[in-house]
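# Next one to model:
(one chain, ligands or ions: 1)
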Amino acid sequence: MTLQFDETIAADYKSQAQKIRVLSETWTGENVYCPRCGNPALARFPNNRAVADFYCPKCHSEYELKSQKGAVRDKIPDGAYDTFVARITSNHNPDFFLLNYDASTLSVSNFWVIPNFFFTPAIVEKRKALSLNARRAGWIGCNIMIGAIPPQGRICFIQNGLAIEKEIVLSNFERAISLQTNNMDARGWLLDVLNCVNQIPTSEFSLEQVYAFESELQARHPENNNVCPKIRQQLQFLRDRGYIRFLGRGRYQKLF
Ligand SMILES: [Zn+2]
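Sure thing, here's the model as predicted:
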C-alpha cells in the first residue's frame, strides 16, 4: 500500500478541491480493500451519484469517502441535515471512509472506516440556516461529530502515516459488527453507554462508576425515566458481545 497520491493524474485540474477529490478517490480505488469481506479492491460508482462513492464487487457493501486536510478534526461537514438524518435512520447509509492527508507531501496520514451502524442522529450537528442573501437561503447543512463516535467504531487502516496489517483491520471490523443494532433507540443507548465506559480510565470498573453518568445519559434520553436499569441492560449487551466481563458484586472488566 503506497501512501503517496499520484499527482500526475490531477495535473489538468485548476481547482484545488477538484484536484484533491480526484487524487483521494484514485488513491482509495487503488489501495483500499473491502473491510467487510477483505476483497482486495473496490469499484467506483460514477461521479455525482447521490450517496456512495465506492462499492465492493464481491459483498456489495457501499462506502462514502470524505477527505480532510491537515490535522485530524472532531467534526466534518456533510450535506443537508434532514437528508443525512433520514439516511441514518433508514439504515441505508453507506459505511464511511475518512481520509486525512498531508497537503505539503500529498500523502495519506490517516484512513479509517466507520461502519454505518455507528451513526445516530445524536452525532449529527445541525448547522445554522444559510442567510437570506445566500444562493440557497434557508438551507440547513450538518456536521458529523466524528469525535462523539466511540473508538470501537473508528477502524484504522492507516494511523499517523503507518499502514495497519490487513488481518488486524478485518478482525477489528468484525469485532465492531458485534455491536450492530438497527433499532435507532437501542443503538443510541448502546453507543452512549459504551462512550461512558470508554471514559473510565481503568480497565476494571464498578457499576457505580457507570451510574455516575446517569444525569448526562438522562439529558441525552429525556423520554426515558429508568436510566439505571437501561445502563445495566447495555452492560449485559456489551458482556454478551465480548466487550466486557462481569466480575461479580457490581464489578466489571474491559476486554478491549
Ligand atoms: Zn466486500
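# Enumerate every residue touching Thr26.
Shown in contact with Thr26 (Cβ atoms under 8 Å, 6 or more residues apart in numbering): Phe5, Asp6, Ile9. To be clear about C-beta, it is placed using only N, CA and C from the backbone, and glycine gets the same treatment.
# Apologies, that question was intended for Trp139.
Taking Cβ under 8 Å, 6+ apart, one finds Ala80, Ala129, Leu130 in contact with Trp139.
# let's go with 6 Å and repeat that
By Cβ atoms under 6 Å, 6 or more residues apart in numbering, Trp139 lies in contact with Leu130.
# any idea of the pLDDT on it?
Reported pLDDT at Trp139 in the predicted model: 94.
# Look up how far the ion lies from it.
Between Trp139 and the ion the distance is 35 Å, computed by Cβ to the ion, to the nearest Å.
# in the protein, which spans are helices?
Here the chain has its helices, by DSSP state H, at 16-31, 81-89, 166-177, 184-199, 207-211, 214-220, 227-240.
# Among those helices, which comes closest to Pro40?
Pro40 lies closest, by Cβ to Cβ, to one member of the helices of the chain: helix 166-177, at 9.1 Å.
# Now the closest one - C-alpha only, CSV.
Taking Å, rounded to 0.1, in the frame of the first residue of the first chain, the C-alpha atoms of helix 166-177 are listed here in CSV:
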residue,chain,number,x,y,z
LYS,A,166,-5.0,-6.2,6.8
GLU,A,167,-5.7,-9.1,9.1
ILE,A,168,-5.9,-6.7,12.1
VAL,A,169,-8.2,-4.3,10.2
LEU,A,170,-10.5,-7.1,9.2
SER,A,171,-10.6,-8.5,12.7
ASN,A,172,-11.3,-5.1,14.2
PHE,A,173,-14.1,-4.6,11.7
GLU,A,174,-15.6,-8.0,12.5
ARG,A,175,-15.5,-7.2,16.2
ALA,A,176,-17.3,-3.9,15.6
ILE,A,177,-20.0,-5.8,13.7
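# can you pull the buried residues of it?
The neighbour-count check on helix 166-177 (16 or more other Cβ atoms under 10 Å) flags Val169, Leu170, Asn172, Phe173, Ala176 as buried.
# Spatially nearest residue to the residue most central in space within the chain, not counting backbone neighbours?
Nearest to the mean C-alpha position of the chain, by Cα atoms, centre = their mean, lies Ile114 at 3.1 Å. Using Cβ to Cβ, 6 or more residues apart in numbering and skipping residues adjacent in sequence, the residue nearest Ile114 is Phe96, 4.3 Å away.
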